Structures are given as C-alpha cells and as structure tokens.
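Enquirer: model the structure of this input:
(one chain, ligands or ions: 1)
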Amino acid sequence: MKEKRTGFTTRMGAIAATVGSAVGLGNIWRFPYQAGENGGGAYILVYLICILLLGVPIIMSEFIIGRSTHKSMKGAIEELTPGSPFKLFAYVGVFGAVLICGYYSVVCGWVIEYLWTSADGTLLGHTPEQYSSIFTNFIGSPQRCVIWTILFMVLNFLVLSRGIKNGIERIANIMMPLLFVLLIVFCVNSLMLPGSSKGMEFLFNVDFGNLGWEGVVDAMGQAFMSLSLGVTCLITYSSYFNDDSKLMKDAVTISALDTLVAILSGIVIFPAVFSFGLEPGAGPKLIFEILPTIFQQMPGGTIWAVLFFVLLFFASITSTISLSEIPITFLIDEYKISRGKALIITAVLMTAIAVVSALSFSVLSDVKLLDRNIFDFLDYVGPNFFMLLGGLVTAIYVGWILNKDVVHDQLTNGGMHRSRFVQPYIIFCLRYIAPIAIILIFLYYVGVI
Ligand code: PFF
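Expert: Numbering: from 1, shown residues only. Modelled structure (predicted):
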C-alpha cells in the first residue's frame, strides 16, 4: 500500500469505515418501509436469504478485487486481467453512486429537519395523524427541503475536503455502538406497547401470499443497498485493508451487524405501527410518522428524539462519505486531476441531483418516470437496477474470469489459513446463484417472466 491516497491508518479504521458505510438510512429508514410495503415476514425471509447467498459472496468478490491490488475498480481490473473489458463497469458503479447519493441526501435532509424540530421543541406533542400531515407538509415545502438537502451536501463535502474524513469516521465509530444501544432501548419500549404482538407477527410470520415478484426484487435490491454492494464502494474501501486481515471473517461480521441493525429497526417500528393503528405500507414516510409518536410516549421524549436523530445523522454521513468517495477516487485515478477538482465536480453533480429529488414532492411532483416521481424513481432504479447490475458483473468477474489463485490467496492470506468450505461456497454462489438470480430479475423487468 505505497500509493499516496488518503487512506486509513489502521486495519480497524478501514473495517470500521466499511461498517460505517453499510449502516445508514438503508437500515433504519429504507428497510422498515420496504418491509412494510411488501407485507413483512416473507419479504424479510427473502431478504435474509439474499444476504447469505448473494450479499456475503458479493462482498467477498469486491474485497478480493480491492485488497489484492490495493486499487479502485478500474485500476484493479487492469492489474488483475490486463485488457479486460470488465473495467468499463467502473462507470456503472460511479454513475450508480452519484444517483444514489443524490436522492439519499434528501433523506439526510429530512433527518436534519427532524433533528432541528426535535431540538426546538416543535416536533413532539401531536397525534399520530398529525405527524403524517406534518411530514407531508414538510416535504411539500420546496424551500425547507432544498435548504436542508444543500446543507447536508455542504457538510458532507466539507468533511471530505478538510481531510477530516477519518476523524468523522472515528467519531461515528463511537456513535454507532450508541445508536445500537439506543435501538435496543427503543425495541424494549415498542415491545411493551399495547398490541405490540401484532407488529411482531407482521415482521416474523412468513406468508408468501403477501409477496409478489416485485417484493422479491425489492428484497434483493435492499440487500445490495444495505451492504453497499455493486457500486464499487467496497472495492475502494477494501483497497485499504491490510494484507493480513481475514476477509471472510470481516465480510460476515459486517453483514451480521448490518442485518442486526435492520431487524432491530423493524422491531422498533412495527409493534408501534400496529399499536397506534397506523398503516405499515405508508412508504418512505413511515419512520418519520412513527418515530415522533414513539418518542412522545416515552418519558423525556425530546431528549430521546434529539439523541436519536444526531446518531442517525452520523450513521448517514458515513454512508454518503463512502458514496462520494467513489466518483472522487475515480476522477482522480482516471483523469489525473487534483482531489480538489474531483471533489468540486462530484459535489456539483450530486447536489444537482439532490435538489431535483428534493423538489419531487413539490414543484416537480408532476414529473414521472416509470410512474414514479423523481425521488421514488431513483430509490427504485438505484438499488434495484444499478446495484444489481454492478453485483452481477463483480460476481461473474470473480466467479468466472479471475484467476482462482488470486481468490485462494485472498481467502487464505497467501496460504496462512485454510478455506476448505469457504472457497467452494463463495465460488458456487458467485458462479451460479448470484448471476442466475440477478438475470431472472432482469428478465422480469423486460417482461419475459
Ligand atoms: N449501505 C448504506 C445504507 O444502508 O444506508 C447506503 C450505501 C452506502 C449504499 C454506500 C451504497 C454505498 F456505496
């Protein structure tokens, strides 16, 4: 690792940053709303299967590419398989990352609004129905949404430009366990609400009658979104891993922690949804309706609310930092421009997409793509198309194209450990399960199945 990149100083730093990238709004905002829209239990089961059969193997494929070369996607593919056209998929990753970070920052803006109104005491003190209209009014107000979104973008790029990324990640690594503890407290609180068992039944009672093909697509896209897959993020982050870290152990730890946070969020949200008689399929506004209702019935509600939104803010910014690093690193490596220039180009592009997405509930609400407003469209195609496509490419590349000695070397750290079961499992999933599953989804898109 001799290149002069703004790397991580320790192995723990790189791994913790990867957890920081994985854990974010995907777990706490997107997972519950998707589970709610897709009927609960069966969706969650498919999600867990996707984590095991696609998530962990594809994390490994990105880790193998990144750690074996200590380079980001394009340079790594050039080094591993000179002349291979697979390097072109770096563009898909960069494009996907820009789109995703664009709309994701809008939700980060929502988090700032809720943090602000919690702190100034205006958030709490309403009925569950009022929370729904408070949220709808807020996202329908162009100024507020755009201001918070831009503010978030400014903070994000300030962190990236100041070289304090590692510092923020270090703070986030204190915040993350705190967020975890807070979620557990909220779980206990939700489970004690009257009628909470209905919510648990919704979450864990598997009924495939509630899940169509769309639900399967959503579960797969969500697994990719939550683990930060398919947009070359993990290739870039693992290019900073030490040669003696155990990739499989790290991949399993990251997936397990990430999944746990998602499930805990579900246990916070759904018992409360049913207890307060709200609608589980409320969509992207779900947590913004239900969380204030939850905080309000807890003693010291305002403090819980402020604490939670601060922690959620940190979980979100470590994810947007990792998303922003993808185009920045790409521009520097590809066009040999300075980090400053790469940062400005990325910031302008992402902020433009973010502003347009922020307006899709107000002035741009009539603009529809695939029957969705711009925000919902990006929230659909980002994970369900770009991430799956990127995942398909990395699975095929590592499963079929890459020299197996490289894979073996990475899995065993040059023969230091054994990988009797791990390697066949990873290779089998990358060769067959992931490509077949993702291609089936693409066939579904074009109407063949
Ligand atoms: N995994 C993040 C989340 O669950 O919030 C989102 C994300 C971060 C996706 C980084 C992709 C990525 F490259």
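
Enquirer: can you pull out the helices in the stretch 51-200 of the chain?
Expert: 56-69, 73-80, 89-119, 128-139, 142-161, 165-191, 196-204 (DSSP state H, counting those that start in this stretch).

Enquirer: relative to the ligand, which of those is closest?
Expert: helix 89-119 (5.7 Å; Cβ to the nearest ligand atom). Yep, even glycine has a C-beta here, placed from its N, CA and C like the rest.

Enquirer: what comes up buried for that closest one?
Expert: 89-90, 92-94, 96-115, 117-118 (16 or more other Cβ atoms under 10 Å).

Enquirer: could you do stretch 255-266 as well?
Expert: With burial defined by 16+ other Cβ under 10 Å, the residues of stretch 255-266 counted as buried are 255, 257-259, 261-266.

Enquirer: can that stretch be said to contact the ligand?
Expert: No. Judged by Cβ under 6 Å from any ligand atom, stretch 255-266 stays clear of the ligand, getting no closer than 7.2 Å.

Enquirer: circling back to that earlier point, give me the subset of the buried residues of helix 89-119 touching the ligand.
Expert: Checking the buried residues of helix 89-119 against the ligand by Cβ under 6 Å from any ligand atom, the ones in range are 97, 100.

Enquirer: give me every residue in the stretch 101-250 of the chain lying close to the ligand.
Expert: 225-226, 228, 231, 233.

Enquirer: most neighbours among those, please name it.
Expert: residue 231 (34 neighbours; other Cβ atoms under 10 Å).

Enquirer: next, give phi and psi for that residue.
Expert: Residue 231 adopts backbone torsions of phi -120, psi 20, taken as degrees, to the nearest 10.

Enquirer: reformat the buried residues of stretch 255-266 as CSV; add pLDDT and secondary structure.
Expert: Formatted as CSV, those follow (pLDDT from 0 to 100; DSSP: H, G, I helix; E, B strand; the rest coil):
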residue, pLDDT, secondary structure
255, 97, helix
257, 95, helix
258, 97, helix
259, 98, helix
261, 97, helix
262, 98, helix
263, 98, helix
264, 98, helix
265, 98, helix
266, 98, helix
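
Enquirer: which one of the residues you listed is nearest to the ligand?
Expert: residue 258 (7.2 Å).

Enquirer: near the ligand, anything from stretch 305-321?
Expert: Yes. Using Cβ under 6 Å from any ligand atom, stretch 305-321 comes into contact with the ligand via residue 319.

Enquirer: quick one, what contacts the closest residue to the ligand within the stretch 201-350 of the chain?
Expert: Closest contact between the stretch 201-350 of the chain and the ligand, by Cβ to the nearest ligand atom, is at residue 233 (3.1 Å). Contact analysis of residue 233 by Cβ atoms under 8 Å, 6 or more residues apart in numbering lists 21, 62, 93, 97, 322-323, 325-326.

Enquirer: and the residue of this structure nearest the ligand?
Expert: Checked against the ligand (Cβ to the nearest ligand atom), the nearest residue in the chain is residue 26, 2.0 Å away.

Enquirer: surely that residue is in contact with residue 224?
Expert: No. Using Cβ atoms under 8 Å, residue 26 makes no contact with residue 224, being 9.4 Å away.

Enquirer: do you know the pLDDT at residue 178?
Expert: Residue 178 is assigned 92 on the pLDDT scale.

Enquirer: how close does it get to residue 447?
Expert: 47 Å (Cβ to Cβ, to the nearest Å).

Enquirer: cool, residue 337 as well?
Expert: The gap separating residue 337 from residue 447 is 42 Å, by Cβ to Cβ.

Enquirer: neighbour-wise, which of these two wins?
Expert: Comparing residue 337 with residue 447 by neighbour count (other Cβ under 10 Å), the higher total belongs to residue 337, at 14 against 6.

Enquirer: isn't the more buried one up against residue 330?
Expert: No. Counting by Cβ under 8 Å, residue 337 does not reach residue 330; the two are 10.6 Å apart.

Enquirer: show me what the strand or helix carrying residue 423 is in contact with.
Expert: Residue 423 belongs to helix 422-428 when elements are defined using DSSP states H and E. For helix 422-428, contacts defined as Cβ under 8 Å, 6+ apart pick out 56-57, 60-61, 248, 399, 404, 407-408, 411.

Enquirer: would TSV of those with pLDDT and neighbour count be doable?
Expert: Below are the contacts of helix 422-428 laid out as TSV (pLDDT from 0 to 100; neighbours: other Cβ atoms under 10 Å):
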residue	pLDDT	neighbour count
56	98	22
57	98	24
60	98	30
61	98	29
248	95	20
399	98	23
404	95	11
407	96	21
408	96	15
411	95	21
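
Enquirer: what's the farthest-apart pair in these?
Expert: Greatest spacing in the contacts of helix 422-428, by Cβ to Cβ: 56 and 404 (18.7 Å).

Enquirer: thought residue 138 was touching residue 116?
Expert: No. At 10.8 Å, residue 138 does not count as touching residue 116 under the criterion of Cβ under 8 Å.

Enquirer: would you mark the buried spots in the lengthiest helix in the chain?
Expert: Secondary structure of the chain per DSSP state H: the longest helix is helix 301-335. Of all the residues in helix 301-335, those buried under the rule 16+ other Cβ under 10 Å are 301-302, 304-334.

Enquirer: so for the following helix or strand past it, mean pLDDT?
Expert: Reading on from helix 301-335 to the C-terminus, the next helix or strand found by DSSP H and E is helix 339-358. Across helix 339-358, the average pLDDT comes to 97.

Enquirer: what packs against the helix or strand just after helix 339-358?
Expert: Later in the chain than helix 339-358, the nearest helix or strand by DSSP H and E is helix 374-381. If contacts are counted by 3 or more Cβ pairs under 8 Å, 6 or more residues apart in numbering; DSSP states H and E, helix 374-381 sits against helix 89-119, helix 339-358.
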